[in-house]
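Task: produce atomic coordinates for the following.
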Amino acid sequence: DQKVVAYSHSAGNISYREKLTDYYKSIGIDISADQIIVAAGASEAILFAFQSTMDPGDEIIIPEPFYANYNGFATNAGVVVRPIPSFIDDGFSLPPIAEFEKVINEKTKGIMICNPNNPTGYLYSKEELEVLRELALKYDLYLYADEVYREFCYDGHSHTSVMQLEGLENNTILIDSVSKRYSACGVRIGCMISRNAEVMATAMKFAQARLSPPSFGQVAAEAALAVPKSYFDAVLKEYDARRNVVFDGINAIEGAFCPKPKGAFYVVAALPIDNADKFCQWLLEDFDYNGATVMLAPATGFYATEGAGQNQVRISYVLNVDDLRASVKCLEEALKVYPGRTL
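Below is the predicted model of the structure:
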């Protein structure tokens, strides 16, 4: 009914935010519309969260490997990232509590997780989140959770949100987006959610400074909330098939290994190579198999620790099953002739 593409409310259209509360209630998260700020994607939501809770020089702990843009958002806010390692041998599970406590100091303001995880596909269990809850309470830290892959959980596993942890009402900040849920990354609609009124009031100042989130994007995102469960069931079934093709195919290659992801649509694989950056560049510039090659992401870009992930790559299984099978075969053939092969 709108005849002018006007600015929306800086927190987002109230009709969209109210419908979002119904969505969250359906998955066990009870919030109100004033506890949501709609943003230009999860990226802007993370920036709002960091800028609203930390000062320049403050520190945030993030298990690595982690989504590379977290570094950029932290830099933008003047925040220092303190990485702690997770390991491919145990599927990139949550590091021990002692590892967190080693880096906690007077400048530490929070812990950031992505659940399910990009780039590893790891799904943090409720028990692991309870460990983070205890840390947040003990040291009065914020717990930031990027949960944009919530709908992508496999093998009967269910997702637990940080918003469902008791006693953390003032500590948790949820980041969400329509990008992955509806395969609509170009819509650029995400949100920041918290029950902490002071944090949301501060974030609102940043939201007002940029005026409003995308108008057409909000209309599309609001309409998407009516998508039936049958859509997600079909999508999950397809991604599960893709996951199995990649997992089985990688682990059948001599010298290669990847853990089976429980969520999202990524795997990190260890390959018999000397240097992931060189290997990925070699694939694009110097190799083909029957006129084709594969493009991988060097896992080094997902580590903040220099030198980590040198033999690892991230694979995103967003292609159809047949193309994924062909890609795995291409990778297998590439590894046979790569000059930096380590076997």
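
domains in the protein, as residue ranges please.
When the chain is parsed into structural domains using automatic domain parsing, the resulting residue ranges are 14-224, 229-337.

Relative to residue 2, which of the ones you listed is closest?
Evaluated with C-beta to C-beta, the domains of the chain place domain 14-224 nearest to residue 2, the distance being 8.2 Å. No exception for glycine: its C-beta is placed from N, CA and C like everyone else's.

Output the contacting helices and strands for the strand or helix carrying residue 221.
Taking DSSP states H and E as the definition, one finds residue 221 inside helix 215-224. Contacting helix 215-224 under the criterion 3 or more C-beta pairs under 8 Å, 6 or more residues apart in numbering; DSSP states H and E are the following elements: helix 14-26.

Do a quick rundown of the helices in the chain.
Counting by DSSP state H, the chain forms helices over residues 14-26, 41-53, 69-77, 97-103, 126-139, 197-209, 215-224, 229-251, 276-286, 321-337, given from the N-terminal end onward.

what sits up against the fifth one?
Looking back up the chat, that one is helix 126-139. 93-94, 97, 100-101, 104, 108, 111, 113, 115, 141-143, 160, 162, 165-168, 171-172 (C-beta atoms under 8 Å, 6 or more residues apart in numbering).

rerun at 10 Å
The set of residues external to helix 126-139 that reach it, using C-beta atoms under 10 Å, 6 or more residues apart in numbering, is 61, 63, 93-97, 100-101, 104-105, 108-111, 113, 115, 122, 124-125, 141-143, 145, 158-162, 164-168, 170-172.

Could I get the contacting residues of residue 42?
Going by C-beta under 10 Å, 6+ apart, residue 42 touches 49, 67, 69, 73, 114, 146-148, 175-180, 185, 188-192.

Tell me how far stretch 287-302 lies from the chain's centre.
Distance of stretch 287-302 from its chain centroid, counting by C-alpha atoms, centre = their mean, to the nearest Å, is 22 Å.

For residue 69, see how far away residue 101 is.
Distance, residue 101 to residue 69, using C-beta to C-beta, to the nearest Å: 27 Å.

Likewise for residue 191?
Using C-beta to C-beta, residue 191 is found at 17 Å from residue 69.

returning to that earlier point: sort out which of the contacts of helix 126-139 are buried, if you could.
61, 63, 93-95, 100, 104, 108-111, 113, 115, 122, 124-125, 141-143, 145, 159-162, 165, 168, 171-172 (16 or more other C-beta atoms under 10 Å).

Go through those residues and flag which are in strands.
Counting by DSSP state E, the part of the buried ones among the contacts of helix 126-139 found in strands is 61, 63, 108, 109, 110, 111, 113, 142, 143, 145, 172.

Looking at these, which one is closest to residue 247?
Taking C-beta to C-beta as the measure, residue 247 lies nearest residue 63 of those, at 21.6 Å.

Show me what the closest one is bridged to.
The bridge-partner assignment for residue 63, based on DSSP bridges, gives residue 84.

right, and it touches residue 84 too?
Yes: using C-beta atoms under 10 Å, residue 63 is in contact with residue 84, at 5.6 Å.

Overlap in contacts, those two.
94, 95, 99, 100, 111.

got the contact list for the closest residue in space to the last one that isn't next to it in sequence?
Counting by C-beta to C-beta, 6 or more residues apart in numbering, residue 111 lies nearest to residue 61, which is 4.8 Å off, once chain neighbours are set aside. Listed by C-beta under 10 Å, 6+ apart, the contact set of residue 61 reads 81-84, 95, 99-104, 108-113, 132, 135, 141.

and the gap between residue 61 and residue 110?
Between residue 61 and residue 110 the distance is 7 Å, computed by C-beta to C-beta.

What of residue 117?
For residue 117, the distance to residue 110 - C-beta to C-beta - is 17 Å.

Could you point out which residue ranges in the chain have low pLDDT?
Across the chain, residues meeting the criterion (pLDDT under 70) sit at 1.

could you redo the last one with a cut-off of 90?
1-3 (pLDDT under 90).

Could you pull up the contacting residues of the residue nearest to residue 253 when sequence neighbours are not counted?
The spatial neighbour of residue 253 that comes closest, neighbours along the chain excluded (C-beta to C-beta, 6+ apart), is residue 332 at 5.0 Å. Residues touching residue 332, when contacts are defined by C-beta under 10 Å, 6+ apart, comprise 249, 250, 252, 253, 254, 256, 289.

what number of residues lie near residue 197?
Residues contacting residue 197 under the criterion other C-beta atoms under 10 Å number 12.

Wait, it touches residue 52, no?
No: under the contact definition of C-beta under 10 Å, residue 197 does not touch residue 52, with a separation of 11.8 Å.

Contacts only, for the nearest residue to residue 279 once chain neighbours are set aside.
Of all residues beyond its chain neighbours, the one nearest residue 279 is residue 273 (4.5 Å), with distances taken as C-beta to C-beta, 6+ apart. With C-beta under 10 Å, 6+ apart as the criterion, the residues that contact residue 273 are 255-256, 279-280, 282, 298, 310-313, 334-335, 338-343.
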